[in-house]
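Participant: Provide a 3D model corresponding to the input given below.
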Amino acid sequence: MTGGLTLLATPRQGAAQEAAGTARRLRASLSCEESSCDMDRYRSRVPWVSWVDDGQEADVLVTLTSQADPAGGNEYRLDFTSPLEPDHGDDQLFFRSSSTDTEEDEFEGVVTVLGIGLARYASMAGYREFVALRSPRAPGIEADERIVAPEEVDDRWNLWVFNVGGSTRLIGTETRNTRRFSGNFSANRTTPTWKLSFSGRGNVNIQEIERSDGSIFESDERDWMVNMGVTYALAKHWSLDFSSLTAKLPRYNQEFRADLTPGIEFSLFPYEEATRRSITLRYTVAVTYRKYQERTIYNETEETPWEQALQLRATMRQPWGDGSLTGTASHVLGDLDKHNFSLRGRVSFRLVRGLRFNVGGDVAWVTDQVYLSARGVTDEEALLRLRTRGSDFNTGLNFGFSYQFGSIYNNTVNNRFPRVGGGSVDMGGGF
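Facilitator: Numbers count the residues shown, from 1 in each chain. A predicted model of the protein is given here:
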């Protein structure tokens, strides 16, 4: 094995003399929603616990969350909750990967932290206490102590991270030809006090489609966007932000657009807890210059409106499940009739043993689409999503459930003939 740390649990001496069943393996349940969370790999690398599928049968619940690191890696947070120590609270352990780590390096690091966290709880179930841990919630231990300051490293890039990319896609049939070209770039620098970000993208989408009468519909759409953002950590629960945007957005009838948006945000919980729970309130004021491709429904060819917005967002990830709720209200200053109210949410949780339910939805009342063209939108433009049609009300709803039953143990890993996808049959087809 390369990298990482292998932890081997040894039964306590004298356990053989104890009553049968007194010393047993720790039963653990891991909860993670990331698409890269491969449960079989974790079970195979930490085989000295009994992995169970149902959290209600576990001695310790592990919740794994992650967020992107501005340096190009990822920060993983593992929260350990156990009825073995109901008064102790949660243990929290962290692993941060670097931008140069391979997928295997990143996995090894998470497995090491997972094994260390489970080791202490394993000793309570009859295994020798071979690892000593200090809870990150102990007095004098601050979350920021795990952050590397710029002066602590010799970095010729001064914490700046750059990305440049592009793609081309060519699609052709007898009745349709599409050529798409895109490019993007970004530059980011993050410290505990400042967060700087610059990004841009550009797209060219050329289509030629033959109608049923033999005529050809042609479109040549080109759009681009450049963003800039500066965030300052004003206090433990407060942040200031200033962002700007310049763009060409033909789908929204805008030949040129420029925004300047200052804002302030309050976080009910410290920002360090954002991967597990967060409640934030954000207020912004924006001035926007728009030059339109076509005269709008308000008889404007260009304008500079001011807008203000208020957003309340709550997220939570717990052993029982996770969810989020976001409410946003905005309007054009001096004209409440031009407003936008939206509410969107999602929740996924366990109802009873083995039964999981999830539901999500959104609703919006929109009357601030000042950019809509007075000419209207043709059917071709609407179907190909080349132009946006006005809508005063938007809504969506999705829900589902899953039920799992049978053996609660799942320690054996067999990688032969892995099943990929949902079992659908490929019937072929074109574009």
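
Participant: domain assignment for the protein?
Facilitator: Domain assignment for the chain, taken from automatic domain parsing, gives 19-144, 153-403.

Participant: could you tell me the least trusted of those?
Facilitator: For these, mean pLDDT drops lowest on domain 19-144, to a mean of 71.

Participant: could you pull out the strands for the stretch 101-250 of the chain?
Facilitator: Counting by DSSP state E, counting those that start in this stretch, the segments of the stretch 101-250 of the chain that form strands are 160-172, 176-190, 194-210, 216-233, 238-249.

Participant: name the nearest residue to Arg375, sequence neighbours excluded.
Facilitator: Spatial nearest neighbour of Arg375, excluding adjacent residues (CB to CB, 6 or more residues apart in numbering): Glu294 at 5.6 Å. The way it works is simple: take the backbone N, C-alpha and C, and place the C-beta from them, glycine included.

Participant: over to the one you found. Which of the three states is it?
Facilitator: coil (DSSP: H, G, I helix; E, B strand; the rest coil).

Participant: and the gap between it and Thr326?
Facilitator: Noted for Glu294: a distance of 33 Å to Thr326, by CB to CB, to the nearest Å.

Participant: my read: the residue nearest to Arg375 touches Val377, true?
Facilitator: No. In this structure, Glu294 is not within contact of Val377 by CB atoms under 8 Å, at 10.6 Å.

Participant: what pairs with Thr395 across the strands?
Facilitator: Val363 (DSSP bridges).

Participant: find the helix or strand that Val359 is a member of.
Facilitator: Assigned by DSSP states H and E, Val359 belongs to strand 355-366.

Participant: who are the packing partners of that strand?
Facilitator: Judged by 3 or more CB pairs under 8 Å, 6 or more residues apart in numbering; DSSP states H and E, strand 355-366 is in contact with strand 335-352, strand 393-403.

Participant: CSV for these, including distance to Phe266 and mean neighbour count?
Facilitator: Output for these, formatted as CSV (distance: least, CB to CB, whole Å; neighbours: other CB atoms under 10 Å):
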stretch, distance to Phe266, mean neighbour count
strand 335-352, 20, 15
strand 393-403, 28, 10
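
Participant: of the ones you listed, give the one that comes closest to Trp48.
Facilitator: strand 335-352 (26.1 Å; CB to CB).

Participant: got a list of contacts for the closest one?
Facilitator: By CB atoms under 8 Å, 6 or more residues apart in numbering, the residues outside strand 335-352 that reach it are 33, 55-56, 320-332, 356-368, 370.

Participant: at 6 Å instead, please
Facilitator: 320-332, 356-360, 362-368 (CB atoms under 6 Å, 6 or more residues apart in numbering).

Participant: off-centre distance for that strand?
Facilitator: Distance of strand 335-352 from its chain centroid, counting by CA atoms, centre = their mean, to the nearest Å, is 17 Å.

Participant: that strand pairs with which strands, and in what direction?
Facilitator: By DSSP bridges, strand 335-352 pairs with strand 321-332 (antiparallel), strand 355-366 (antiparallel).
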